[in-house]
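what's the 3D shape of this:
(one chain, ligands or ions: 2)
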Amino acid sequence: MDVKPAEPPLGMLAELTHRCPLHCSYCSNPIELITRDGELDTAQWLSVLSQARDLGVLQVHMSGGEPLARPDLPELVSHASDLGCYVNLVTSGLGLTEKRLDDLADRGLAHIQLSVQGADAERADRLAGTRAHEHKLAAAALIKRSGLPLSVNVVLHKQNHDQLAGIIALAERMGADRLELANTQYYGWALKNRTALMPTREQLAVAEPIVRAATERLRGTMEIIYVVADYYEPYPKPCMYGWGARQLTVAPNGDVLPCPAATAITTLDLDNVTRKPLHDIWYGSTSFNAYRGEDWMSETCRSCDRRGADFGGCRCQAFLLTGDAASTDPVCSRSPDREIVDLILAAPPPAVEPELVLRRVPR
Ligand code: SF4
Ligand code: FES
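Ligands and ions are numbered 1, 2, ... in the order given. I've put the predicted structure just below:
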């Protein structure tokens, strides 16, 4: 059978470190985090960036954990920018000073994505597991003063959905150019907290008109992206716009992942940039080729008219819920496994609200 060769990747998520000052219960990073001594060193990251550009990558998202925890961040930003990449910093804002920001901007940083946990300090700090909110307000002010475009990212869940209007107002006050309101996706640590984080149907129904009205009102001022709570949807999200299709992730230790959550799929044989060139991994690795195209699909997806729109949904979710990464995403109403999701949603509310299990993260 003819298999269409992969196109070059457009973007790379460079997870520079798993170290992080926050303790978010919805963290999608793996349960087992990589510690400082397992991280790639500066020379290795510089090589990864050069190889990525040679491969065709144009957008580099420097992320973590908290990328500001890496003292070599300025050097990495300079290098990626000199290669001609659009460089985005994904940060909690903790550790961002005027001096560091000016330096990063001078070196070619193009965009900052700042995470926010809630509409006010009391709630946000409780969810972050540390005093973080005031630092985020200060970071947003610095970013606006620098003239860099600012995206605010908020992970939504049962514990902050009631603050949605306040969160939108906060993003406006921060002067965000873009606001991403992303309902929690249940991978990594977030899956541990699913019961405590899963919003109710009522919360989602209340959110919908608030988001719609704000999107209309702020059109041309602040773009709003709303990522739905997919368990409640009839069809899955087009996860990663297809496996190994547009983006790759390099984990702090150099493992190269077809999607940021792919370590969840324990049957995947991951390659590492310290042992193989990025080019060979993108085009030739078993992990990237495992779910490219349509040959891997079950008959349910292969015969479905939506397969070109959602690519069979999310491989990580399929694995985590069914044990088989090649199965149809069980969120899909056409999946033979949809009952798994329906049973989760139909579970009676717990007599006592479960405590959020905050993430313990290496520093
Ligand atoms: Fe998408 Fe597969 Fe469901 Fe069709 S059956 S909607 S391709 S997940
Ligand atoms: Fe990995 Fe969807 S999160 S494929």
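
tell me the contacts of the closest residue to residue 182 other than its chain neighbours?
Nearest residue to residue 182 in three dimensions, chain neighbours excluded: residue 227, at 3.9 Å (Cβ to Cβ, 6 or more residues apart in numbering). (C-beta placed from N, C-alpha, C; glycine too.) Contacts here follow Cβ atoms under 8 Å, 6 or more residues apart in numbering; on that basis residue 227 touches 180-183, 185, 237.

who in this structure is up against ligand 2?
Contact residues, the chain versus ligand 2 (Cβ under 6 Å from any ligand atom): 187, 239-240, 259, 261-262, 314-317.

what about 8 Å?
With Cβ under 8 Å from any ligand atom as the criterion, the chain meets ligand 2 at residues 28, 185, 187, 237, 239-240, 243, 258-262, 264-265, 291, 313-317.

Where strands are concerned, which of the contacts of residue 227 count?
180-183 (DSSP state E).

quick revisit: relative to ligand 1, which of the contacts of residue 227 is nearest.
residue 237 (9.8 Å; Cβ to the nearest ligand atom).

Tell me the pLDDT of the closest residue to that closest one other than its chain neighbours.
Distance criterion Cβ to Cβ, 6+ apart; nearest residue to residue 237, sequence neighbours excluded, is residue 230 at 5.4 Å. We have a pLDDT of 95 for residue 230.

give me the number of residues near residue 230?
22 (other Cβ atoms under 10 Å).

Just to check, it is in contact with residue 331?
Yes. Between residue 230 and residue 331 there is a contact at 5.0 Å, judged by Cβ atoms under 8 Å.

Let me know the distance separating the residue nearest to residue 156 when sequence neighbours are not counted from residue 40.
Sequence neighbours aside, residue 183 is the residue nearest to residue 156 in space, at 4.9 Å (criterion: Cβ to Cβ, 6+ apart). Going from residue 183 to residue 40 by Cβ to Cβ, to the nearest Å gives 32 Å.

and what of residue 106?
Using Cβ to Cβ, residue 106 is found at 25 Å from residue 40.

ok, back up a step: give me the common contacts of residue 230 and residue 331.
With Cβ under 8 Å, 6+ apart, residue 230 and residue 331 have common neighbours 236-237, 314, 317.

And residue 106 and residue 40? Which one has more around it.
Between residue 106 and residue 40, counting by other Cβ under 10 Å, residue 40 is the more crowded of the two (24 against 13).

Need the phi and psi values for the more buried one.
Main-chain torsions, residue 40, degrees, to the nearest 10: phi -60, psi 150.

Chain neighbours aside, what residue packs nearest to it?
For residue 40, ignoring the flanking residues on the chain, the nearest one in space by Cβ to Cβ, 6+ apart is residue 254 at 5.0 Å.

contacting residues around the one you found?
40, 44, 48, 272-274.

Pick the one among those residues closest to ligand 1.
residue 272 (30.7 Å).

how close does the nearest residue to residue 198 once chain neighbours are set aside sit to residue 351?
Leaving aside its chain neighbours, residue 198 sits nearest to residue 158 (6.1 Å; criterion: Cβ to Cβ, 6+ apart). For residue 158, the distance to residue 351 equals 16 Å [Cβ to Cβ].

Compare those two (neighbour count), which wins?
When residue 158 and residue 351 are compared for neighbours, residue 158 comes out ahead with 17 against 5, by other Cβ under 10 Å.

just checking, the more buried one touches residue 200?
Yes. Residue 158 lies in contact with residue 200 (Cβ under 8 Å); the separation is 6.8 Å.

Quick check: what element follows the lengthiest helix in the chain along the chain?
Once the chain is assigned using DSSP state H, the helix that runs over the most residues is helix 201-217. Once the chain leaves helix 201-217, the next helix or strand it forms, by DSSP states H and E, is strand 223-227.

Quickly run through the sheet partners of that next one, with directions.
Within its sheet, strand 223-227 is paired with strand 178-183 (parallel), according to DSSP bridges.

Okay, angle between the strand it pairs with and helix 201-217 too, please.
Interaxial angle, strand 178-183 versus helix 201-217 (axes from the mean of the first three to the mean of the last three Cα atoms, to 10 degrees): 170 degrees.

How many residues are close by residue 286?
10.

what comes into contact with stretch 333-352?
By Cβ under 8 Å, 6+ apart, stretch 333-352 touches 194-195, 198, 201, 231-232, 234-235, 300, 304, 321-322, 327-332.

just how off-centre is the worst-scoring helix or strand of the chain on mean pLDDT within its chain?
Every helix and strand of the chain was ranked by mean pLDDT, DSSP states H and E. The lowest is helix 188-192, at a mean of 92. In terms of Cα atoms, centre = their mean, to the nearest Å, the centre of helix 188-192 is set 13 Å apart from its chain centre.
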